[in-house]
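Chemist: Sequence below, structure please.
(chains A, B and C, ligands or ions: 2)
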Amino acid sequence: MSPVATTTGLGTGSPGDGGAGLGEGAARRRELILAQSKRSLGRRHLAGRVAVALCMVAVAISLAPLVALVAYTTSRGVHALSVDFFTKIPTPAGIAGGGISNAIVGSLIIVGLAAVMAVPVGIATALFLLERRGRIAGTIRFTADVLTGVPSIALGIFAYTVLVEPFAHFSAIAGSFALAVLMLPVIIRSSEAAMRNVPRSEWEAGLALGVRRGRVVRSIVLRGALPGLVTGNLLAVARAVGETAPLLFTTGSQLFNLNPAQPTAAVPLTIFSLGTSPFPADQQTAWGAAFVLLVFVLVLSIVARLVAGRLNRQAR
Amino acid sequence: MPDDGARTASTLEEIPPAERTPIAGVKEALQRRWSRPGGRGYAGLRWGGAGLFTAVAVALVVSLLTSSSQAFAHSGLSLLWTGTWDPTHKIYGAETFIVGTLITTAVALVLAVPIGVATAAFLSELAPRWLATPLSVLIDLIAAVPSIVVGLWGLLVLTPAFAHHVEPFLKKIPVLEWFFHGPALGPSMLLAGVVLAVMILPTMVALSRTALAGVALTDREAARALGGTRWQVVRRAVIPGARTGIEGAVTLAMGRALGESIAVAMVIGNAYVIPHSLLAPGATLGSAIINNFGGVTPGLDRSEVIALVVILLALTALVNAGGQLLLRSRAREQVS
Amino acid sequence: MTIETAEAAAVSLEDVSVSFGSHRVVRDVTLDLARNRVTALVGPSGCGKTTILRAINRLHDDTGGKVTGRVTVGDLDVYGRDTQPELVRSRVGMVFQRPNPFPTMSIFDNVVAGLRLNGVRNKALLHEAAEAALHHAALWDLVKDRLQTPAVRLSGGQQQRLCIARALAIEPEVLLMDEPCSSLDPIATAKIEELITRLSSDVTIGLVTHNMFQATRVSHYTAFFLLGEDRATGELIEYGRTVDLFDTPRDPRTKAYVSGEVG
Ligand SMILES: Nc1ncnc2c1ncn2[C@@H]1O[C@H](COP(=O)(O)OP(=O)(O)O)[C@@H](O)[C@H]1O
Ligand SMILES: [Mg+2]
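Modeler: Ligands and ions are numbered 1, 2, ... in the order given. As a prediction, this is how the structure comes out:
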């Protein structure tokens, strides 16, 4: 493949160079392309400006409804807040006053129990995925991914069939179970990702010292992955606490109750039943409950990120 | 990474690196696993977690299938294409709900996909960092707003606004009247789609942004070095390079829209007829489950509602599994 | 520094310095790339070779690098007030250290990507340019029957030649190559070197390499860079005909480096 052979080898009919040096075709193309480039540049810049403007409009459209929603909930919600709001139970339909203490306590119990069920199983499953390759792990991972997308109402009905129907009454536990199933795949995948970030070399250093594998995992892997674990699990809790559909047919009652085996109120359910009520006084309480829920969820999300950031910095 | 058994070997010295293959380590490892203190506990923990998780997943499917078996025995698959839901006459059909679910999801995607991708493109490619970072954090946080709060807002704020302003306005637009006709009531397929769009937008933005940011700098520079303008680089190199990730985002957003029940139930109007217009009220699988499950008596009626759950589950599982498989096959293709 | 060549310069740099924030990466480079010749930029890694190369087609515009001094490509003042960076780049092609074909595009779409970005829509011109460029990059016979297959199916060396074809398709006057062989095996490297030699009759080539033998094999001129006394800022130490620079280096540092005492 000498230079000469290649350049002349193209033949006369070919669009390539006719001979050595800059060929006719190339010179003509260079001129055409450069001219076209110059001619089109204004249009290309204009198209870019239009596109950027459209993207900015899209940003506004993305943010506007959500910001409006948060702002509106806040403005309506703060008016509902009072000491009574956090300490009393609801008044009968349509009558102003009362509070949602039953629902707040109920939600904490339900979500707390859900976390107690889901976090250990989730982290253990994540460890399983971390330690094992092949068919079984692949199947479990795939199941978790698909389960992440299961509608939350289906989880509520599932919990109903296994924990409500057999006992013939609603209970906090049934709702917790539904939320735990909801949280599990999220916890599994985020925990696995967090623990995979711990360098393999640190494992092996521990193992090389003859330390038991279980101990290596506890003292090196779990500790190294702590920021990620905390973030992932807190975000799973934040997601669960706002879920309504899983509780709709599982926990149901408006009573103040501390026994997990008994029917229990929850904040999202209160918002649903009072929000769909025709009475303005009930709707006002619903806004208050929505505001409380919103603040709780947002604070949890922010804390999750901050904690992760801080622990991350410490680890370095 | 060697197989589980081999890595249970306790020290690196015991098994030279070259032999730390599945076969070499398995026998000793199996012996050691049960004799060493702590090995049993750790293995038990892992297998216990994985086993419980699998059991729950299996129980979910089995219990819903069992509970709906009476319904499928009664209606068979004709449940899927029967348009009437009339428990008093023992006629059960999910067609209205399926159509409602697909239409509201389509409306949500039509709104959320272009807006979400454009927003992500702005945040990840076009905006200066001082602007992009806080906006991205804001959108990530807003993604955590519970659907019941979105539903409440849709019900008490958007519904009157749609009835009095948005829907009458849409009816006046010449070409679109084919979609938007009939009385402007407020609760409608359109409103449900809009509420769903609001709910899936943060997901679309966050996942698309990740996908766009994942496009290699070298791809961007290739386009830049060829004379592309800033926007051309985004349009011709970055967005195509992120296509797989954006498709994943759309799939997940679609799964979320299909399966959302509570917020939709609050704004869709719950009419059990196939809607002739986007302004007409309707019902989705999720909203129908919520509205029917509470009141029904045990037996066939309840079983039929659970059959709706099974259909919804199958629909979302199909979408999600399809999305997952698509992503995996793409990933494999790119490696080879 | 005197430039002992009578050949016309296609690119010239005068007192060019580049800084990132407070870090001056390379300073006061005055250098010509002779028309239709290969000029090699050599030196240990970190001395600013890539940085200088990227200053020629204004790739620092988007990475926060600040360029001072004067760069001209032909009659075009690269950093002139009215100069559009896009038009500089459509006259200056670039080949990167790692092959970077657009992964979602076919072979054909990759080759004509530059034309399309420059607003060319004419199908005949696209095909003509693609074929010519692929011939130039010695890929035509290999890919002519599978132009629509994804570019990522090609081997690493073929991908790099595709990137060369992509850069050549817009018929640039200047081709900048940043260690184009550093990720390739010896056979693929030999092919690219052969290509460089052949292309140099048509385009001006600036070639960054850390491989001294490559510089002696393919370049007509060589510019030797080294970190200055502060160990932070790269400098042009010596520039001249490749044979002269390697056989009779004038600067003791050059002599030390080419004879393998350093690096
Ligand atoms: N985008 C950038 N931001 C900050 N520093 C950079 C950037 N690009 C290059 N540098 C710095 O410039 C110096 C020279 O880099 P480079 O030009 O790539 O050297 P060479 O190509 O000779 O190996 C390095 O110290 C590097 O840290
Ligand atoms: Mg370099």
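
Chemist: now that we're looking at A:G77, which residues does it contact?
Modeler: Contacts of A:G77 were listed using Cβ atoms under 8 Å, 6 or more residues apart in numbering or on different chains, and they are A:W287, A:G288, A:A289, A:A290, A:F291, A:V292, A:L294. C-betas here are computed from N, CA, C, even on glycine.

Chemist: Show me which residues of the stretch 151-263 of chain C are close to chain A?
Modeler: C:I170, C:E171, C:E173, C:E194, C:T197, C:R198, C:S201, C:D202 (Cβ under 8 Å from any Cβ of the partner chain).

Chemist: quick one: C:E14 and C:T30 touch, right?
Modeler: Yes - with contact defined as Cβ atoms under 8 Å, C:E14 reaches C:T30; the gap is 5.3 Å.

Chemist: Excluding chain neighbours, what is closest to C:L139?
Modeler: Closest residue in space to C:L139, ignoring its immediate chain neighbours: C:R161 at 5.1 Å, by Cβ to Cβ, 6 or more residues apart in numbering or on different chains.

Chemist: From A:A26, how far out is that neighbour?
Modeler: Computed as Cβ to Cβ, to the nearest Å, the C:R161 to A:A26 distance reads 18 Å.

Chemist: Tell me which of these two has more neighbours.
Modeler: Legend: neighbour count by other Cβ atoms under 10 Å in any protein chain shown for C:R161 and A:A26, higher for C:R161 (27 against 22).

Chemist: Give the rounded mean pLDDT of the helix or strand harbouring the more buried one.
Modeler: Assessed by DSSP states H and E, C:R161 sits inside helix C:156-169. If you average the pLDDT over helix C:156-169, you get 93.

Chemist: other SSEs contacting that helix?
Modeler: helix B:217-225, strand C:92-95, helix C:107-111, helix C:113-117, helix C:123-136, helix C:140-143, strand C:174-178, helix C:186-199 (3 or more Cβ pairs under 8 Å, 6 or more residues apart in numbering or on different chains; DSSP states H and E).

Chemist: In PDB, list the C-alpha atoms belonging to the fourth one.
Modeler: This file holds the C-alpha atoms of helix C:113-117, laid out as PDB (Å, rounded to 0.1, in the frame of the first residue of the first chain):
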ATOM      1  CA  ALA C 113     -21.300  13.200  10.900                       C
ATOM      2  CA  GLY C 114     -19.000  16.200  10.300                       C
ATOM      3  CA  LEU C 115     -20.700  17.100   7.000                       C
ATOM      4  CA  ARG C 116     -24.100  16.900   8.600                       C
ATOM      5  CA  LEU C 117     -23.000  19.000  11.500                       C
END
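
Chemist: The helix holding C:R161: how far from the chain's middle?
Modeler: The chain centroid and the centroid of helix C:156-169 are separated by 13 Å under Cα atoms, centre = their mean, to the nearest Å.

Chemist: tilt between it and helix B:217-225?
Modeler: 20 degrees (axes from the mean of the first three to the mean of the last three Cα atoms, to 10 degrees).

Chemist: And helix C:156-169, what's buried?
Modeler: C:157-169 (16 or more other Cβ atoms under 10 Å in any protein chain shown).

Chemist: Out of these, which is nearest to A:I110?
Modeler: Using Cβ to Cβ, C:Q159 comes nearest to A:I110 of the buried residues of helix C:156-169, at 56.1 Å.

Chemist: picking that back up, out of the helices and strands packed on helix C:156-169, deepest packed?
Modeler: strand C:92-95 (a mean of 27; mean count of other Cβ atoms under 10 Å in any protein chain shown).

Chemist: Check whether that one comes into contact with chain A.
Modeler: No - against chain A, strand C:92-95 shows no contacts by Cβ under 8 Å from any Cβ, the least distance being 11.5 Å.

Chemist: What segments of chain A are helices?
Modeler: With helices called from DSSP state H, chain A shows them at A:3-9, A:24-80, A:83-87, A:101-131, A:135-148, A:152-159, A:172-196, A:200-208, A:213-216, A:223-224, A:226-241, A:245-248, A:267-275, A:280-315.

Chemist: Give me the spatial nearest neighbour of residue 256, chain neighbours excluded.
Modeler: Assuming you mean chain A. Nearest non-adjacent residue to A:F256, counting by Cβ to Cβ, 6+ apart: A:N102, 4.1 Å away.

Chemist: um, chain B though
Modeler: Nearest non-adjacent residue to B:R256, counting by Cβ to Cβ, 6+ apart: B:I200, 5.4 Å away.

Chemist: Surely that neighbour is in contact with B:G259?
Modeler: No - using Cβ under 8 Å, B:I200 makes no contact with B:G259, being 10.9 Å away.

Chemist: Adding distance to chain B, write the residues of the stretch 151-263 of chain C next to chain A out as TSV.
Modeler: Formatted as TSV, those follow (distance: Cβ to the nearest Cβ, whole Å):
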residue	distance to chain B
C:I170	7
C:E171	12
C:E173	13
C:E194	23
C:T197	23
C:R198	22
C:S201	23
C:D202	18
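
Chemist: With distance to C:R35 as added columns, please give those in a markdown table.
Modeler: Formatted as a markdown table, those follow (distance: Cβ to Cβ, whole Å):
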| residue | distance to C:R35 |
| --- | --- |
| C:I170 | 18 |
| C:E171 | 15 |
| C:E173 | 8 |
| C:E194 | 21 |
| C:T197 | 16 |
| C:R198 | 16 |
| C:S201 | 11 |
| C:D202 | 11 |
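
Chemist: Among those, which ones lie close to ligand 1?
Modeler: Among these, no residue sits close to ligand 1 (Cβ under 6 Å from any ligand atom).

Chemist: contacting residues for the nearest residue to C:L147 once chain neighbours are set aside?
Modeler: Closest residue in space to C:L147, ignoring its immediate chain neighbours: C:F108 at 4.0 Å, by Cβ to Cβ, 6+ apart. The contact partners of C:F108, taken as Cβ under 8 Å, 6+ apart, are C:A130, C:L147, C:Q148.

Chemist: closest to chain B among those residues?
Modeler: C:A130 (13.8 Å; Cβ to the nearest Cβ).

Chemist: Skipping its backbone neighbours, what lies nearest the closest one in space?
Modeler: Nearest non-adjacent residue to C:A130, counting by Cβ to Cβ, 6+ apart: C:V111, 4.4 Å away.

Chemist: so the residue nearest to C:L139 touches C:K191, yeah?
Modeler: Yes - look at C:R161 against C:K191 with Cβ under 8 Å: they come within range, at 7.0 Å.

Chemist: Can you check which residues contact both of the two?
Modeler: In contact with both C:R161 and C:K191: C:A138, using Cβ under 8 Å, 6+ apart.

Chemist: Low-confidence stretches in the chain?
Modeler: Answering for chain A, as no chain was given. A:1-23, A:310-316 (pLDDT under 70).

Chemist: look at chain C instead
Modeler: Applying pLDDT under 70 to chain C flags residues C:1-6, C:261-263.
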